[in-house]
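Trainee: Predicted coordinates and the sequence they were generated for:
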Amino acid sequence: MKVITSNRRALKDHKVLQKFEAGVKLTGSEVKSLKQGRGKLDGSYIKMVGGNVVVVGMNIPKYSSSSQGAYDPIRTRNLLLNKNEIHKLNGLLSQKGFTAFPTKVYLKNNLIKLEIGVGTHLKKYQKKEKLKERQEQRDLDRDLRGKV
């Protein structure tokens with residue numbers, strides 16, 4: 001599994017409770033562009049539109065040697081999930097406080113997959129606690145490394 005791009009900001013701002021793996025409906029030049037390592041998930045989110053799951057705001061720049069005419073790099077793209085996953089995702093999103101966001105885009109068996117995280121937004125004090133715990137763990141690891 002080769003990670004093409006990840007959404008580190010979303011992982012920092014949200015507590016991920018469940019993850020889904022989805023395919024993305026793309027054009028050929030978008031696939032080539034992603035395989036070159038281009039693409040951004042900043043500010044993108046997942047929503048339900050008429051029974052379909054879509055990703056909004058995912059930026060895939062134009063492939064360098066493409067002769068496509070009008071091209072929108074931030075268009076809404078359909079996600080490919082089975083019915084059970086769509087129902088489960090819809091049930092989670094209907095609860096108050098839950099949001100869905102893309103966490104990373106990666107290659108799996110030469111197919112482009114999108115990992116969807118479903119969770120709640122962290123409060124400011126929760127983010128500070130998380131940073132404090134990580135710093136304490138780093139200090140502890142550094143001390144143990146020095147004694148061995």
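Mentor: Received the coordinates, thanks. These numbers come from a predicted model, not from an experiment.
Trainee: can you list contacts of the helix of greatest length in the chain?
Mentor: Identified as the longest helix of the chain according to DSSP state H is helix 124-147. Contact with helix 124-147 is made by 12, 13, 15, 122, as judged by C-beta atoms under 8 Å, 6 or more residues apart in numbering. Where C-beta positions appear, they are placed from N, C-alpha and C, glycine not excepted.
Trainee: Spell out the secondary structure type for the residue lying closest to the third one once chain neighbours are set aside.
Mentor: Counting by C-beta to C-beta, 6 or more residues apart in numbering, the nearest residue to residue 15 once its immediate chain neighbours are dropped is residue 119, at 4.8 Å. Assigned by DSSP: H, G, I helix; E, B strand; the rest coil, the conformation of residue 119 is strand.
Trainee: quick one, strands of this protein?
Mentor: Counting by DSSP state E, the chain has strands at residues 2-6, 14-24, 45-49, 52-56, 77-80, 98-108, 111-121.
Trainee: and those as TSV, adding mean pLDDT, distance to residue 33 and mean neighbour count?
Mentor: What follows is the strands of the chain, written out as TSV (pLDDT from 0 to 100; distance: least, C-beta to C-beta, whole Å; neighbours: other C-beta atoms under 10 Å):
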stretch	mean pLDDT	distance to residue 33	mean neighbour count
strand 2-6	90	10	15
strand 14-24	92	12	16
strand 45-49	91	21	15
strand 52-56	93	16	18
strand 77-80	94	13	17
strand 98-108	93	11	19
strand 111-121	93	11	19
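Trainee: With distance to residue 130 added, can I get those strands in JSON lines?
Mentor: Formatted as JSON lines, those follow (distance: least, C-beta to C-beta, whole Å):
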{"stretch": "strand 2-6", "distance to residue 130": "18"}
{"stretch": "strand 14-24", "distance to residue 130": "9"}
{"stretch": "strand 45-49", "distance to residue 130": "22"}
{"stretch": "strand 52-56", "distance to residue 130": "26"}
{"stretch": "strand 77-80", "distance to residue 130": "29"}
{"stretch": "strand 98-108", "distance to residue 130": "16"}
{"stretch": "strand 111-121", "distance to residue 130": "13"}
